[in-house]
Every structure is written in structure tokens, then in C-alpha cells.
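[1] Would you be able to build a 3D model of this:
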Amino acid sequence: YKKALPVNAPILLVIHGINGHSDEAYVKCAMNMAKEREWRAVAFNHRGCGGSDISSPWGYNGAFTGDIRHAINLLNNKFPDAPLMAVAYSLGANLLVKYLGEEGAHGNSPITCAVVVSNPWNFEGNHLNSKNINGGFSNWEKIVGKVYSLVLTTGLKEYLKQF
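    The predicted structure is shown next:
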């Protein structure tokens, strides 16, 4: 930003999906929309994504909400009077919903609103459906599913080379 924002300017936390990072087009788009509204925009990178070094013995996964919780708490502590919102995609969406469920039960989350996009709600169901890819899908869906699986697997292999 070229001008200073007030301490109570809204904050948008943007959380990428699996194999993504803060330089993805969808992350940049969300951050630009926040900037146009004179909000603070913060992109969250999962451990080891976007070129960040892994300084712990583990990476990110679909169940650990500690990193997102830590980022949210840091933002809330730095800007306690600012509304804190979040938008998350794919695996990031799943982690945000899980975090909100964990914290929301106690009324502890400083998130005032959240949007999740393409949340894989049911990991087990998605896995079972992918094993049975030949049943119940059109040819187009089968092709797209196989290409997506290949791209996803390739990205995960690259991510795992860091360990």
C-alpha cells in the first residue's frame, strides 16, 4: 500500500489449496480485491509451499490446524480492533472449516466471517470415489479426474522432495 491504513482496517487472510502458494492467480485476485477496498490482505503459505523452507520435521496436512491458528492469532494480536476475515480454497478450505469448528465450539475464534471454496468435505468418500473412477462418471469426468490426479500427484512428489 502506498498509504497507511488505519489500525482497524479489515484484514483478509487468504489460504491456498493443496500444492498451491501465495503466488497463485486466485490468491492474488482475492488479495487485490481486498486492496481495492483498502483492507489489509495476508496470504498464508502452508509449510514448504511457495518456496518457504521447512524448519520442522513435518509438513502440512489436511488435519493439522495449528499453523492457521497461529497465523490468525498473530494477526488478531497485532490488530485487535480490526475485523478479521478469511477465504480459503480446496485443502485450505477444509483446514479453515476444521479450525472454525474447533474454535467456534468455544467462541474463541477472532474470525468475523469466512468463505470456503471447493472444500473437499469428505476425504474418505473422495478417496473411495477416486478408486472407483470407472463407475458412475462420464468419459469427460474420467479424463479430467485422471489428469487432475496426475497433476496433484506430481506436485505432491515435488513437495515431498524437501524432506
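[2] buried ones in whichever strand or helix holds Asn73?
    Assigned by DSSP states H and E, Asn73 belongs to helix 66-78. Counting neighbours by 16 or more other Cβ atoms under 10 Å, one finds that the buried residues in helix 66-78 are 67-69, 71-72, 75-76. C-beta here means a position set from N, CA and C on the backbone, and glycine is covered the same way.
[3] which stretches of the chain have low pLDDT?
    Along the chain, segments meeting pLDDT under 70 span 1-2, 121-153, 155-156, 158-160, 162-163.
[4] let's go with 80 and repeat that
    1-3, 19, 48-54, 56-62, 104-107, 120-163 (pLDDT under 80).
[5] Please enumerate the helices of it.
    Secondary structure of the chain, counting by DSSP state H: helices at 25-36, 66-78, 91-104, 123-131, 139-160.
[6] what about Ser22, neighbour count?
    Applying other Cβ atoms under 10 Å, we find 18 residues neighbouring Ser22.
[7] go on, the one 4 residues further on?
    Neighbours of Tyr26 under the rule other Cβ under 10 Å: 16.
[8] Nearest the geometric middle of the chain, what residue?
    With distances taken as Cα atoms, centre = their mean, the residue of the chain nearest its centroid is Gly92 (2.5 Å).
[9] Next one: that residue relative to Glu38, how far apart?
    Gly92 is 24 Å from Glu38, where distance means Cβ to Cβ, to the nearest Å.
[10] so what's the closest residue to Ile68 other than its chain neighbours up against?
    Among residues not flanking Ile68 along the chain, Tyr99 sits closest, at 5.1 Å (Cβ to Cβ, 6 or more residues apart in numbering). Residues near Tyr99 by Cβ atoms under 8 Å, 6 or more residues apart in numbering: 65, 68-69, 72, 109.
[11] Just put these in JSON lines and tack on distance to Pro57.
    Formatted as JSON lines, those follow (distance: Cβ to Cβ, whole Å):
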{"residue": "Thr65", "distance to Pro57": "18"}
{"residue": "Ile68", "distance to Pro57": "19"}
{"residue": "Arg69", "distance to Pro57": "19"}
{"residue": "Ile72", "distance to Pro57": "23"}
{"residue": "Ser109", "distance to Pro57": "28"}
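[12] Cool, thanks, signing off.
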